[in-house]
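Q: below is the structure, and that's it, no one-letter string:
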């Protein structure tokens, strides 16, 4: 090149522009490069935006479930209605149904309105009574039956308001939507607003959401996740007691003892496949094997726990094997070298070192089991349960619900107030999952060691 | 006595056995543990294992065998004239079992008088009235014969309980005694215990196989029943799905398969590009700081339960698609649609695609990239022309795994896709999938004789076979690829 130019030969036609100026092709390639990068960044933005929107909608829909509107008013417990026999005899008083108590409440509310000079504005007696939740008479009845001496006196009680009134203060129900709603009217909401201004209505933190059982279709304001939490806890207990020992034992055998033969190969392929079997298939297995064949009761946490155990086993086995594999051979060699048996080597040296990894995997498996819904639908956990299950072990056979199933159950109901409850239950579920994951991360960090 | 209490007693016996074993070994060695073959704890474990394991095994085997034996005994006890009405034997047995449970529940609550309990068949009507009053569920069509059989069933059940209590406790005590007797200073307790434990470990690993066998058997069995009542050609080639409880249903699986595939395709169309590009960006472009934030954030999507996605589809995505796309475009007015379920499922699948692809892209050796960059390729050309082709088999495997998830996913489609079995092209219409129909056929009051219920097992088996085939292919592809660079 240099020689040729020195010799004065005619320079060949310049096919390329200067180095400082990009030619067309380079520009295209650089543009393509930028586009490609933007696609990648965009994909990540989409994924994270989806996560953000998902969490935001759940939170904004569900936080309302943790606050509830209560009406506080003095109630005169009319002896003539509540104890017609006048004997203060419990059995006779039990004959008064909630209808009687709802009359007392309605009267109390109307009297309060009159005392505070709030006009009833063409609302019928029933319309005014409907401001109060259908749960309130039962609450009052239980209070009176627990302490019959209250009859004839006047007590201050705080009762739940109707779901629509509650929705009005949370922004779910508006005057416009009330016009079209047969269950409530703008005048009722107006009255509720006036009551609120007088300080009788207040929206308070709602512990009952976490402790109450489910309630019927008519009373969304009284529904809670108490039984569902308990049922989920029971099932997790079963999974913990069964899946963890069995899973760890199976991984120890497969990782440390198993000869490489046909049988262990089949077991390994099997476990990999079981981890990918759709969860609903485990539900079918539970229905066929545990309920139809073994005759265990439907809707019982024991059956749910067994199904979830079978489901989580592969997860636990896979993560435990990874944890065992991560323990370096030098540890084993050292133990074997000073005369420990193979079993002692594993149980005294390898297993303790692998424990953090095993725990992390176990917690992740449990978290998966906690959120699982489909198999539980098939074994009858959708049934309406009003009574708390008793303490284990008998309670494992009592009907119960589970958090994710309770969510599904509420979404199947007509009243939109139940959607708020469903989102609220999801928040509870997510908080549990978050705690478990934080624990898993903490364990991993705390015991992480480099060999 | 409930089985759980028996199990707890056995465990208590094992603890006693441990103490006994340690004490006996020490006393035989004159209090000097150095004269024993093994460490003292092994003598304790030896007794505890012999006391607990065989007894628990007996208990579990009995729990499995008892229903079968009771059923067999009852089949003989049911008079032939009840069967001649075309009734299914297993259904009558279920009736009998329900009635027996209802009777024992009523007995516990003290609802029934002694005379009624002594002769339930004679007082069938009175008992039925009382059960209904108390709100106890029982077989509504229960005849006096069923009450008689239920009485028989309860009796043999309680005999069975007694037998198992005695047998299990006997096994525990015998094991305890046997192991204690065997102890002497030369006894190789450690070897015995270790062999025993190894046996237990093997038993635990075979549970995986047992589960698979259980799944296949339970579904094959009921699917067999289904195909006795309904021709398999109509099931596999029928294009109408309209179950009617009352007979005359058409149970063709094709509309369900169509819905399943349609939704899965939409889900993959969302998740594959997003997941793949996210994986490429994370492994090729992102700095380690960005990566350490973004990767766990995307993987959070995988940890969220599917019911949350279902609710998201139901209350957010469904109405939004209906109001902003379907109705203005005149494509339908349904909140639950193929599009809703597909989009939300696509979001759920993003982390599956991205995590698996990320691993696989990272496994491509750096030398390949260096070669391409050294020849003057831009980074994106390197990715497109070198890295992706090298990683392709693994990525295909990841996509297949995601597809099998999409096909088996239940809660999102139950809440987002609707229940109408249609073969339609409009993505804004409600359609349904195999999993939705399994749920709807098996929840609520189900009659396990009707083909409308049994069809769920045939659907389940079909689903199992499809997803299993996809998983096997995916695992095969992923494994085969990974070997190349090792």
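A: Sure, I can see it. What you see is a predicted model, and the numbers here were worked out from it, not measured in a lab.

Q: can you list the buried residues in stretch B:25-32?
A: Neighbour-count burial for stretch B:25-32, counted by 16 or more other C-beta atoms under 10 Å in any protein chain shown, picks out B:25, B:26, B:28, B:29. For every residue, glycine as well, the C-beta is placed using N, CA and C.

Q: nearest to chain A among those?
A: Among the buried residues of stretch B:25-32, residue B:25 lies closest to chain A (C-beta to the nearest C-beta), at 18.1 Å.

Q: where does pLDDT dip in the chain?
A: I went with chain A, as the question did not name one. Low-confidence segments of chain A (pLDDT under 70): A:1-17, A:121, A:450-451.

Q: look at chain B instead
A: Regions of chain B meeting the criterion pLDDT under 70 cover residues B:1, B:75-94, B:109, B:111-124, B:131-142, B:246-247, B:444-446, B:481-486.

Q: got the domain boundaries for it?
A: B:3-187, B:196-225, B:241-482 (automatic domain parsing).

Q: got it, and chain A?
A: As given by the TED database, the domain ranges for chain A are A:66-205, A:225-447.

Q: got the contact list for residue 430?
A: Assuming you mean chain A. With contact set as C-beta atoms under 8 Å, 6 or more residues apart in numbering or on different chains, residue A:430 has these partners: A:58, B:304, B:308.

Q: hm, I was asking about chain B
A: Contacts of residue B:430 by C-beta under 8 Å, 6+ apart are B:334, B:336, B:337, B:338, B:417, B:418, B:419, B:420, B:422.

Q: if we can go back for a sec, I'd like the domains of chain B as TSV, with distance to residue A:190 appended.
A: Listed next are these as TSV, based on distance: least, C-beta to C-beta, whole Å:
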stretch	distance to residue A:190
domain B:3-187	42
domain B:196-225	58
domain B:241-482	29
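
Q: how about the residues of the stretch 301-450 of chain A by chain B?
A: Contacts of the stretch 301-450 of chain A with chain B, taken as C-beta under 8 Å from any C-beta of the partner chain, map to A:310, A:313-314, A:317, A:341-343, A:364, A:367, A:370-374, A:377-378, A:380, A:382, A:393-394, A:396-397, A:404, A:407-408, A:411, A:419, A:422-423, A:426, A:429-430, A:433, A:437.

Q: could you rerun that using 7 Å?
A: Residues of the stretch 301-450 of chain A found near chain B (C-beta under 7 Å from any C-beta of the partner chain) are A:310, A:313, A:341, A:343, A:367, A:371, A:373-374, A:377-378, A:382, A:393, A:404, A:407-408, A:411, A:419, A:422-423, A:426, A:429, A:433, A:437.

Q: put the buried members of those residues into a ChimeraX selection.
A: Buried residues among these (16+ other C-beta under 10 Å), as a ChimeraX selection:
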select /A:310,313,343,367,371,373,374,377,378,382,393,404,407,408,411,419,422,423,426,429,433,437
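
Q: which of the residues of the stretch 301-450 of chain A next to chain B fall within strands?
A: Using DSSP state E, no member of those sits in strands.

Q: can you show me the strands along chain A?
A: According to DSSP E, chain A carries its strands in the segments A:67-76, A:154-160, A:201-205.

Q: give me the element residue B:449 is part of.
A: According to DSSP states H and E, residue B:449 maps onto no helix or strand at all.

Q: next: the one 4 residues further on.
A: Here residue B:453, judged by DSSP H and E, is contained in helix B:451-482.

Q: any buried residues in that helix, and which?
A: B:451-464, B:466-468, B:470-472, B:474-475, B:477-478, B:481.

Q: quick revisit: highest neighbour count among the contacts of residue A:430?
A: Within the contacts of residue A:430, most neighbours by other C-beta atoms under 10 Å in any protein chain shown means residue B:308, with 26 neighbours.

Q: contacts only, for residue A:361.
A: A:315, A:316, A:319, A:320, A:323 (C-beta atoms under 7 Å, 6 or more residues apart in numbering or on different chains).

Q: adding neighbour count, write those residues out as a markdown table.
A: Listed next are those as a markdown table, based on neighbours: other C-beta atoms under 10 Å in any protein chain shown:
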| residue | neighbour count |
| --- | --- |
| A:315 | 22 |
| A:316 | 28 |
| A:319 | 21 |
| A:320 | 29 |
| A:323 | 24 |
